[in-house]
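Student: no letters, just coordinates:
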């Protein structure tokens with residue numbers, strides 16, 4: 001892996017987050033780091049056997065919800081993407097996603113558990129799709145789409161902590 005690719009990978013999260021100016025008040029649109037995105041290969045991912053690869057649309061979707069459809073890929077240049085999100089089903093009020101991780105030697109012993117827990121149902125809250133708080137920690141996921149539908153922001157929080165948001169690029173723009 002060359003130094004240029006690693007430097008570009010380190011800048012990709014900031015570039016992706018720049019699609020959401022409200023996340024960082026100091027952020028503004030920045031140029032995408034140079035380099036070709038690493039190819040996304042579904043066969044390298046931990047996915048449910050019955051994965052829906054083309055979003056099933058239920059009902060008439062308003063434009064702001066229609067932007068959520070499709071496949072969203074964790075942007076990277078130096079190595080294959082670690083994560084992807086498939087929006088399997090989308091309606092004006094609900095979204096079913098499959099969160100896929102890349103198969104690695106480190107996760108070989110618990111891949112079946114990852115595969116079994118890859119799906120999540122979210123409901124429209126008026127500004128984003130969000131899951132209901134679950135489990136003892138009341139874990140919750142909220143997903144936003146950028147204004148032009150290029151990027152997806154995934155925020156995960158629970159009653160004791162929040163994680164930095166994850167940012168994905170639409171496969172149409174990847």
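Tutor: Received it, and whenever you're ready, just let me know what you need. Given the structure is predicted, the values throughout are model-derived calculations rather than measurements.
Student: contacts, neighbours, all on C-alpha from now
Tutor: Will do.
Student: mind giving me the packing neighbours of the lowest-mean-pLDDT helix or strand in the chain?
Tutor: When each helix and strand of the chain is scored by mean pLDDT, DSSP states H and E, helix 3-17 comes last, with a mean of 86. Helix 3-17 makes packing contacts with strand 166-170 when contacts are defined by 3 or more CA pairs under 8 Å, 6 or more residues apart in numbering; DSSP states H and E.
Student: now do the strand it packs on, average pLDDT.
Tutor: Strand 166-170 shows an average pLDDT of 96 in the prediction.
Student: just the helices from the protein, written as ranges.
Tutor: Per DSSP state H, the chain carries helices over the ranges 3-17, 63-66, 111-116.
Student: closest one to residue 54 among those helices?
Tutor: Judged by CA to CA, the one of these that comes nearest to residue 54 is helix 63-66, at 13.2 Å.
Student: in the closest one, what counts as buried?
Tutor: The neighbour-count check on helix 63-66 (16 or more other CA atoms under 10 Å) flags residue 65 as buried.
Student: then stretch 38-51?
Tutor: 40, 45, 46, 47, 48.
Student: need the contact list for residue 97.
Tutor: 85, 86, 87, 88, 89, 119, 120, 121, 122 (CA atoms under 8 Å, 6 or more residues apart in numbering).
Student: next one: the residue nearest to the last one when sequence neighbours are not counted from residue 110, what distance?
Tutor: Closest residue to residue 122 in three dimensions, ignoring its sequence neighbours and counting by CA to CA, 6 or more residues apart in numbering: residue 131, at 4.4 Å. Relative to residue 110, residue 131 is positioned 24 Å away (criterion: CA to CA, to the nearest Å).
Student: hmm, back to that, can you select the buried ones among the contacts of residue 97 for me in ChimeraX?
Tutor: Filtering the contacts of residue 97 down to the buried ones (16+ other CA under 10 Å) takes a single ChimeraX command:
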select :85,86,87,88,89,119,121,122
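Student: mind putting the contacts of residue 97 into TSV with pLDDT?
Tutor: As requested, the contacts of residue 97 are arranged in TSV below (pLDDT from 0 to 100):
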residue	pLDDT
85	98
86	98
87	98
88	98
89	98
119	96
120	95
121	96
122	97
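Student: sweet, I'm off.
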